[in-house]
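S.K.: sequence first, then the predicted structure, then my questions.
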Amino acid sequence: MARLTWHGHSTFMLLADGGEHILFDPFLDDNPKSDITKSDIGRLDYVLCSHGHFDHFADAVPLARRTGATLVGTFELVAFAESKGVEKVHGMNVGGGYRFPFGYVKLTPALHSGSIAGDDEGRFTTIANGFWLDLNGKRLYHSGDTALLTDMQLLRGRVDVALLPIGDNFTMGPEDAARAVEFIEPRVVIPMHYNTWDLIAQDPAAFRTRVGGRAEVVVLEPGGSYEF
Ligand SMILES: [Zn+2]
């Protein structure tokens, strides 16, 4: 079994079959909805960052430095992390995949802006991406921050669990996220990137109603887990 634990916003800890701890988009200490701080994180093997905005990247560098985890993201994003003292990085780019010990990871397109928090000179500005993972046949899609994309139709039939933003304002809102579910046809969808601040307040139950019978909508509380 793989276990996904939500820590609010787009931050998920994935515990893979082989025991690896993989953290998506770490935003803990300054995240008003997180149930933990970064000091609560013990073992960490990989950090997967969808882009460099503070609400996805704030705790990535300090966590990777302390734990020795490998930071995975676009070439520029990991180059910035290296410049800040992260020793183990794996640079990729959209459309490319790589087989890690825990499974295959591919960077998917996302439509979003791409500056990096802390990169004061703008030398490392990159694009945002999502992640598609194949974990021993279990397929997980973390879309990152994105607009609705027709490209999501390419994922149809290839996703068991989809993590999609519903917050609106900065990303898809509930209506477009429900259309993304139509495009992707995942078995399960878990909403993210909402209720962190008033600006992205949403009712996940209303999102579930919009999705209807197309997929099971699993609504997690911060600290809550889903096994698949
Ligand atoms: Zn964001």
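M.R.: Received, thanks. The structure displayed is predicted, hence computed values, not measured ones. Numbers count the residues shown, from 1 in each chain.
S.K.: alpha carbons only for contacts and neighbour counts from here, please
M.R.: Noted.
S.K.: what's near enough to touch the closest residue to residue 132 other than its chain neighbours?
M.R.: Nearest non-adjacent residue to residue 132, counting by CA to CA, 6 or more residues apart in numbering: residue 141, 4.5 Å away. In this structure, residue 141 makes contact with 130, 131, 132, 133, 159, 160, 161, 162, 163, judged by CA atoms under 8 Å, 6 or more residues apart in numbering.
S.K.: so in this structure, which helix runs the longest?
M.R.: Using DSSP state H to define each element, the chain has its longest helix at helix 174-184.
S.K.: can you mark which positions in that helix are buried?
M.R.: 174, 176, 177, 178, 179, 180, 181, 182, 183, 184 (16 or more other CA atoms under 10 Å).
S.K.: please apply the same query to stretch 74-94.
M.R.: For stretch 74-94, burial by neighbour count (16+ other CA under 10 Å) applies to 74-82, 86, 88-90, 92-94.
S.K.: show residues contacting stretch 71-78.
M.R.: Contacts for stretch 71-78 (CA under 8 Å, 6+ apart): 46-52, 60, 64, 81, 86, 88-94, 116, 124-127.
S.K.: whoops, I mixed them up, stretch 215-224
M.R.: Counting by CA under 8 Å, 6+ apart, residues outside stretch 215-224 touching it are 5-8, 33-36, 181, 185-191, 204, 208, 211, 226.
S.K.: average pLDDT across it?
M.R.: For stretch 215-224, the mean pLDDT works out to 98.
S.K.: how far does that stretch stretch from one end to the other?
M.R.: One end of stretch 215-224 sits 19 Å from the other (CA to CA, to the nearest Å).
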